[in-house]
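A.B. asks: Based on what follows, work out the 3D shape:
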Amino acid sequence: MRTETPWGPWDPWSLAEAVRLLAALRTPWWIAGGYAVELSVGRAYRDHGDIDVLLLRRDQLAVQQVLPGWEWWAADPPGTPRPWRPGEILPAHVHDIWCRPGPDQPWRVQFMLDDVDGGDWVFRRDPRIRLPLDQLGTATGDGVPHLVPQVQLLYKSRPRRPKDEQDFEAALPVLDDDQRSWLTETITLAEGADHPWAARLRAG
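C.D. replies: All right, here's what the predicted structure looks like:
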């Protein structure tokens, strides 16, 4: 689904293209965003204007090596992309990276950077929220790595766009008791006990 931005059009990879082109990446990576929820649900149910891939901040330079010659822009400050130079270590406040084959090509993929502390993933919006790194992702039966749904929904709990609401409704029936409990606790901690999703989760 092609969309326009002030910095050029988006014409994102398909999920299959992303998996194929990132297969050579030897550091951990996970499909994120709406696709991650769809992979957890087990079916496609909406269109996607982009494709998101999560990397650990410590591994950021590895992705430049997998797609040599591509053009990289970092959201620095957030919401304002600027060129990301080969080999540059991005500042801690940068979490989003846009990538395209060249300056005359549409943007193809957005990479997101998350931090770890020891063996724990740290939620960027509230560092009190953590999860053992080996519980951050899972994989489909054919090996596609993706974020577990409770983590992706935590990110989507703000700002709750229409597509986020759609993802929450689709994922709710497939969350197990532990996932529901974790998501309820973390949304309550980060967004408050009156958050509508926390109320839905508590209602069962």
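A.B. asks: now what about the helix or strand harbouring Leu21, what contacts it?
C.D. replies: Per DSSP states H and E, Leu21 falls inside helix 15-22. For helix 15-22, the external contacting residues (Cβ atoms under 8 Å, 6 or more residues apart in numbering) are 13, 29, 31, 35, 51, 53, 63, 66-67, 109, 144. Where you see a C-beta, it was placed from the backbone N, CA and C, and this is true even at glycine.
A.B. asks: mind redoing it with 7 Å?
C.D. replies: 29, 31, 35, 51, 53, 66, 109, 144 (Cβ atoms under 7 Å, 6 or more residues apart in numbering).
A.B. asks: and Ala36, which of the three is it?
C.D. replies: helix (DSSP: H, G, I helix; E, B strand; the rest coil).
A.B. asks: how about the helices of the protein, start to end?
C.D. replies: In the chain, the segments counted as helices under DSSP state H are 15-22, 33-41, 60-66, 149-156, 162-171, 177-191, 196-203.
A.B. asks: Output those as CSV; include the columns mean neighbour count and mean pLDDT.
C.D. replies: Converted to CSV, these look like this (neighbours: other Cβ atoms under 10 Å; pLDDT from 0 to 100):
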stretch, mean neighbour count, mean pLDDT
helix 15-22, 15, 96
helix 33-41, 23, 98
helix 60-66, 17, 96
helix 149-156, 24, 98
helix 162-171, 17, 98
helix 177-191, 17, 98
helix 196-203, 16, 95
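A.B. asks: Geometric centre of the protein: which residue is closest?
C.D. replies: With distances taken as Cα atoms, centre = their mean, the residue of the chain nearest its centroid is Ala32 (3.3 Å).
A.B. asks: Identify the residues contacting it.
C.D. replies: With Cβ under 7 Å, 6+ apart, Ala32 has these contacts: 52-54, 112, 147, 152.
A.B. asks: circling back: quick one: which of the contacts of helix 15-22 sit in strands?
C.D. replies: Among those, the residues falling in strands (DSSP state E) are 29, 31, 53, 109.
A.B. asks: For the last one, grab the count of nearby residues.
C.D. replies: For Val109, the neighbour count with other Cβ atoms under 10 Å is 22.
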